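Student: task: produce atomic coordinates for the following.
(one chain, ligands or ions: 3)
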Amino acid sequence: MDFQYSFIPKVYFNKLLGSYNDVEIYEISLFAPIIAKHYLPGQFVILMVNEFSERIPLTITKTNPSEGSINLIYQVVGFTTKLLSKLKQNDVIYHIVGPLGRPAEIKYYGKVIFVAGGVGAAEVYPVAKAFKECGNYVAIILGARTKSLLILEEDFRKISDILYVTTDDGSYGEKGFVTDVLTKILNEEEHIDLVYTVGPLVMMKNVSEITKKHNIKTIVSLNTIMVDGTGMCGSCRISCSGQTKYVCCDGPEFDGHSIDWQEIIARNNTYLLQEKEILKNL
Ligand code: FAD
Ligand code: FES
Ligand code: MG
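Tutor: Numbering: from 1, shown residues only. Ligands and ions are numbered 1, 2, ... in the order given. Got it, this is the predicted structure:
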């Protein structure tokens, strides 16, 4: 069958990867052959679970172009991700668009450290894999709150030269934050060419502050609020070196040292009250 023309975003699977108290992380595999075919590492999709749902961006973590599937890994944080987690095999999502965003700039730097916090690991993985395939020395710092929320450990092990694992509570790997390990490495290593990080905004801000002291180029992949994903609605607007940028089409990758972090953090909390309110309806 030529599936280029029959594009019904059906669910192959939607499985729980990890959970801890009220936190859950899922991996969903969807039939999206055109997206799978054109995708490059660093890109994302925007989807609607049903015809009434909002549009949410999720990074493409893996693809299988021969079966026409894309895999997304998401943490249940509110109404729409909760809705998504309820989908079963063969359910159909209402709408999906992608691949969106500029692909990651994959090139040879030399020694690269990837810092992945929580579900940010899902965004780091495809980029780190591509950097390794390009000949870079790849060190990964993978962190989670606790062991049962640690994702993609085996995948990272296969593509890294060295893997550091941290948990906030010490239930697995080194006790502490990814930034503790990063600080230690940067104090010991003579030369690091690039740091690439994805995780909670505060973590990326902290990573960028640490690397700035060491004068190391740092790329962050930003997770601002998005609606259209095409540069028209303005919801993903940020300030970068004093200039206005749109994460959906100028990013999601940016120089971590040029970002107005306070502004991004404040803007991402814009709908907090409404988000809490609507969650009561589920
Ligand atoms: P809500 O309760 O509505 O929101 C919880 C928090 O999520 C908000 O406070 C806000 O910070 C953020 N958020 C809310 N609405 C949106 C929105 N429309 N767009 C972006 N952020 C929003 N999460 C993952 O778990 N895995 C991923 O791979 C992933 N990739 C992303 C890639 C990009 C380019 C971006 C911009 C975000 C990505 N996110 C990812 C974040 C994800 O989109 C949000 O967690 C999700 O939209 C929350 O929706 P909600 O209704 O469940 O939660
Ligand atoms: Fe609308 Fe970026 S999501 S401008
Ligand atoms: Mg929401």
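Student: quick one: Val198 and Tyr125 touch, right?
Tutor: No. Between Val198 and Tyr125 there is no contact under CB atoms under 8 Å: 9.5 Å. The C-beta positions use only the backbone N, C-alpha and C, and glycine is treated the same way.
Student: anything in contact with each of the two?
Tutor: Common contacts of Val198 and Tyr125 (CB atoms under 8 Å, 6 or more residues apart in numbering): Ala116.
Student: tell me which residues of the helix or strand in which Glu123 is found come out buried.
Tutor: Glu123 belongs to helix 121-133 when assigned by DSSP states H and E. Neighbour counts over helix 121-133 (16 or more other CB atoms under 10 Å) mark 121-132 as buried.
Student: of those, list those near ligand 1.
Tutor: Restricting those to those near ligand 1 by CB under 6 Å from any ligand atom leaves 122-123.
Student: among the buried residues of helix 121-133, which two are most distant?
Tutor: Ala122 and Lys132 (16.9 Å; CB to CB).
Student: doesn't Met226 make contact with Ser235?
Tutor: Yes. When contacts are counted by CB under 8 Å, Ser235 is listed as touching Met226 (6.0 Å).
Student: spell out which parts of the stretch 1-150 of the chain neighbour ligand 3.
Tutor: Counting by CB under 5 Å from the ion, the residues of the stretch 1-150 of the chain close to ligand 3 are 78-80.
Student: go with 8 Å
Tutor: 54, 56, 78-81 (CB under 8 Å from the ion).
Student: can you check the stretch 151-282 of the chain too?
Tutor: So the stretch 151-282 of the chain meets ligand 3 at 271, 275, 278 (CB under 8 Å from the ion).
Student: quick check, nearest of those residues to Ile73?
Tutor: Nearest member of those to Ile73, counting by CB to CB, is Glu275, at 20.8 Å.
Student: may I have the secondary structure class of the closest one?
Tutor: With DSSP: H, G, I helix; E, B strand; the rest coil as the basis, Glu275 sits in helix.
Student: can you show me the helices along the stretch 151-282 of the chain?
Tutor: 153-159, 178-188, 201-213, 247-250, 261-268, 272-279 (DSSP state H, counting those that start in this stretch).
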